[in-house]
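Enquirer: task: produce atomic coordinates for the following.
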Amino acid sequence: MASIRVSRVVIGILATQLVLGCQKPEEDGLGVAKGPTVPASLDHPADMAGSWQEAKGKQIVDLNTDGSCVIHQKVSLGAEVTKGAALDSMQKIPCKWGTKDGKFYFTDINGSPPLSYEYKLEGDKISMSGPGTKLTYSRVVEKKKS
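Expert: Numbering: from 1, shown residues only. Below you'll find the predicted structure:
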């Protein structure tokens, strides 16, 4: 009896994967947004290249002039997760970036849909905003070694 139930569950999962796998590329079958349409060619302004720290200090983004980037994201795990002391660590997430027509795009972030923000560069600060999001990054100035 239990093996029949397991078989039915497995068949149900396989059928669901088959249906979702046959969706058109613009559909995901679950109503999940695919993200903004990214222009075919993006700019990578040299004055934006460098390291930028988010105002709350939980993220640093390294932007390179070739369009590659790395997001250094602070991840905190509580004692209930680690079964011991709480841990903080920095996760490195490779990505791509670019700008076009007043918008800043992050793409290729671990298979996630692209992100798009209105942005403004003022000296050593970048302000970004999108639906329900406002971010401010400051340029990280490296200290001279003595």
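Enquirer: list the contacts of the residue nearest in space to the middle of the chain.
Expert: The chain has residue 109 as the residue nearest its centroid, 4.7 Å off, counting by C-alpha atoms, centre = their mean. Residues near residue 109 by C-beta atoms under 8 Å, 6 or more residues apart in numbering: 71, 93, 95, 115. (Glycine included, C-beta is placed from N, CA and C.)
Enquirer: domains of the chain?
Expert: 1-32, 35-139 (automatic domain parsing).
Enquirer: buried residues in stretch 67-74, which are they?
Expert: Of all the residues in stretch 67-74, those buried under the rule 16 or more other C-beta atoms under 10 Å are 67, 69, 71-72.
Enquirer: ok, and what's touching it?
Expert: With contacts defined as C-beta under 8 Å, 6+ apart, stretch 67-74 is touched by 42, 44, 57-63, 88-98, 106, 109.
Enquirer: tell me where this structure has helices.
Expert: Under the criterion DSSP state H, helices of the chain are mapped to 2-21, 79-82.
Enquirer: check those for me: which has the lowest mean pLDDT.
Expert: Ranked by mean pLDDT, the helices of the chain end with helix 2-21 at the bottom, a mean of 40.
Enquirer: just how off-centre is stretch 62-70 within its chain?
Expert: Stretch 62-70 has its C-alpha centroid displaced from the chain centroid by 14 Å (C-alpha atoms, centre = their mean, to the nearest Å).
Enquirer: what of stretch 110-124?
Expert: Worked out by C-alpha atoms, centre = their mean, stretch 110-124 lies 10 Å from the chain centre.
Enquirer: what is the mean pLDDT for it?
Expert: Stretch 110-124 carries an average pLDDT of 92.
Enquirer: numbering from 753 from now on, please.
Expert: From this message on, residue numbering opens at 753, which makes the last subject stretch 862-876.
Enquirer: buried residues in that stretch?
Expert: 866-869, 871, 873.
Enquirer: list the contacts of it.
Expert: 785-788, 790, 797, 799-800, 845, 851, 854-859, 861, 878-882, 885, 887, 890-891, 893.
Enquirer: kindly export it (C-alpha atoms) in PDB.
Expert: The C-alpha trace of stretch 862-876 is given here as PDB (Å, rounded to 0.1, in the frame of the first residue of the first chain):
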ATOM      1  CA  ASN A 862      23.600  32.400  -9.900                       C
ATOM      2  CA  GLY A 863      20.900  31.900 -12.400                       C
ATOM      3  CA  SER A 864      18.500  34.500 -10.900                       C
ATOM      4  CA  PRO A 865      16.500  36.800 -13.100                       C
ATOM      5  CA  PRO A 866      18.300  40.100 -13.900                       C
ATOM      6  CA  LEU A 867      17.800  43.100 -11.600                       C
ATOM      7  CA  SER A 868      17.200  46.600 -12.800                       C
ATOM      8  CA  TYR A 869      17.500  49.900 -10.900                       C
ATOM      9  CA  GLU A 870      17.200  53.600 -11.800                       C
ATOM     10  CA  TYR A 871      20.600  55.000 -10.700                       C
ATOM     11  CA  LYS A 872      22.500  58.200 -10.100                       C
ATOM     12  CA  LEU A 873      26.300  58.500  -9.800                       C
ATOM     13  CA  GLU A 874      27.400  61.500  -7.700                       C
ATOM     14  CA  GLY A 875      31.200  61.500  -7.100                       C
ATOM     15  CA  ASP A 876      31.900  58.600  -4.800                       C
END
